[in-house]
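Q: what follows is a predicted protein model with its sequence.
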There are 2 protein chains.
Amino acid sequence: MDIENSITSTIFRDISFSQKEIDFIDRLLKKIILNKGDVLIDSDTYVNHQYYILSGCLRSYFIDNSGKEHTIQFAINDWWISDYTSLFTSDKSILRVECLKDAVIYKLSRENAEVLYSNFPNIETFIRKKLEKAFASFQKRILDNLSKPAKDRYLQFVNKYPTIVQNVKNYHIASYLGITTESLSRIRKKTP
Amino acid sequence: MDIENSITSTIFRDISFSQKEIDFIDRLLKKIILNKGDVLIDSDTYVNHQYYILSGCLRSYFIDNSGKEHTIQFAINDWWISDYTSLFTSDKSILRVECLKDAVIYKLSRENAEVLYSNFPNIETFIRKKLEKAFASFQKRILDNLSKPAKDRYLQFVNKYPTIVQNVKNYHIASYLGITTESLSRIRKKTP
């Protein structure tokens, strides 16, 4: 594939590659077409891939003992998703990842990721910085849950991720914010 | 400092360095002596460093609106600590980091970390893997809080981190597990 349209130059768009490098990296990334409702990762399985979203929408979530869903992450275009606890530790998955809107994604195995990092230090830097941001924003979200009213968290979410709001159901957003769908409806009625 | 005793070869112990490299890296790490009770990072400040613990014990915690403390992390020898949300995003800190047991630590600024990573891809790999583990274990802990009984989480903590248990107070452990000190006492009475 030529440089401009390759998945490699889409994902790592700030990095310059030769045509030969593009061809090499493209081959490490496998395209997958998902339909709404497809389950990409099931809980209690071994996870060996992370997934780059080119288009569509996915979410990862956890089902607690009482059957309640807790949405951990939404992912739209240019985001990555996986069960990172399983991917990074070799334990079995505790999350499920499902497709909320027809999607085109690319999977990268753990082994191929290490091949990429050792051959292209720029890619390792790129991914290391993404990981820093992901860790920071996940920690911030947990602390926000402890200290900010649900209404503030809802408005923050809507302002930050308008595209996600358009693609997911109310109960997905409620389970991301840690509130009931009834509370979310009340909040929505009161906000302009 | 010679290779065997240098802080560089202590921190990055799986990586081989020349004497010249050791001297270069040693100069990027600044030693700090902390006494029990010292506050290393206060909330609502800009954080520009991460800290490597050579000896002693520190913890990071969050104080919610009602004044309740939530312990985010304990750190003993060979661990790193900081307010990562502030360090990685340039927002102000939301955590406090305090010294629980007299400590010798080394600080590494964000700028010097980038100097290290760009000069030593091995160090970037080393830190990237630590970051993956930290992200995975933080996410796992949050999900455990949603699904496992406090008693199980207490036993898991005691088995995994016996050295920390010896160095911290009951209310620190309770605030890490997300329970009251009274609940922790009840759990302790019932476990051998």
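A: Received it, and whenever you're ready, just let me know what you need.
Q: so which residues on chain A come close to chain B?
A: A:62, A:64-65, A:70, A:72, A:84-85, A:87-89, A:91, A:94-95, A:117-118, A:121, A:124-125, A:127-128, A:131-140, A:142-143, A:146-147 (Cβ under 8 Å from any Cβ of the partner chain). Where C-beta positions appear, they are placed from N, C-alpha and C, glycine not excepted.
Q: so where's chain A uncertain?
A: A:1-4, A:192 (pLDDT under 70).
Q: the longest helix in it is where?
A: Taking DSSP state H as the criterion, chain A has its longest helix at helix A:121-147.
Q: quick one, that one and helix B:121-147 angle?
A: Our comparison of helix A:121-147 with helix B:121-147, counting by axes from the mean of the first three to the mean of the last three Cα atoms, to 10 degrees, yields an angle of 30 degrees.
Q: which elements pack onto helix A:121-147?
A: Counting contacts by 3 or more Cβ pairs under 8 Å, 6 or more residues apart in numbering or on different chains; DSSP states H and E, helix A:121-147 is packed against helix A:110-119, helix A:150-160, strand B:49-63, strand B:69-75, helix B:84-89, helix B:110-119, helix B:121-147.
Q: center of chain A - which residue?
A: A:Ile81 (3.2 Å; Cα atoms, centre = their mean).
Q: tell me what that residue is bridged to.
A: For A:Ile81, the beta-bridge partners are A:Tyr51 (DSSP bridges).
Q: how far away is it from B:Arg153?
A: Separation of A:Ile81 from B:Arg153 (Cβ to Cβ, to the nearest Å): 27 Å.
Q: what sits against A:Ala150?
A: A:Ala150 is in contact with A:Leu177, A:Gly178, A:Ile179, A:Ser183, A:Leu184, A:Ile187, counting by Cβ atoms under 8 Å, 6 or more residues apart in numbering or on different chains.
Q: hmm, I was thinking of A:Asn119
A: Listed by Cβ under 8 Å, 6+ apart, the contact set of A:Asn119 reads A:Phe24.
Q: ok, A:Leu95 - how many residues close by?
A: 25 (other Cβ atoms under 10 Å in any protein chain shown).
Q: A:Leu87 versus that one, what's the distance?
A: For A:Leu95, the distance to A:Leu87 - Cβ to Cβ - is 10 Å.
Q: dump the helices and strands packed on helix A:121-147 to TSV, plus distance to A:Leu29.
A: Shown next, in TSV, are the helices and strands packed on helix A:121-147 (distance: least, Cβ to Cβ, whole Å):
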stretch	distance to A:Leu29
helix A:110-119	8
helix A:150-160	28
strand B:49-63	32
strand B:69-75	34
helix B:84-89	26
helix B:110-119	24
helix B:121-147	19
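Q: excluding chain neighbours, what is closest to A:Phe24?
A: Excluding its sequence neighbours, the residue lying closest to A:Phe24 (Cβ to Cβ, 6 or more residues apart in numbering or on different chains) is A:Asn119, at 7.9 Å.
Q: contacts only, for the closest residue in space to A:Gln139 that isn't next to it in sequence.
A: Of all residues not flanking A:Gln139 in the chain, B:Thr85 sits nearest, at 5.3 Å (Cβ to Cβ, 6+ apart). Contacts of B:Thr85 were listed using Cβ under 8 Å, 6+ apart, and they are A:Ala136, A:Ser137, A:Gln139, A:Lys140, A:Leu143, B:Asp91, B:Ser93, B:Ile94, B:Leu95.
Q: just these now: which is nearest A:Asp44?
A: Among these, A:Gln139 lies closest to A:Asp44 (Cβ to Cβ), at 25.9 Å.
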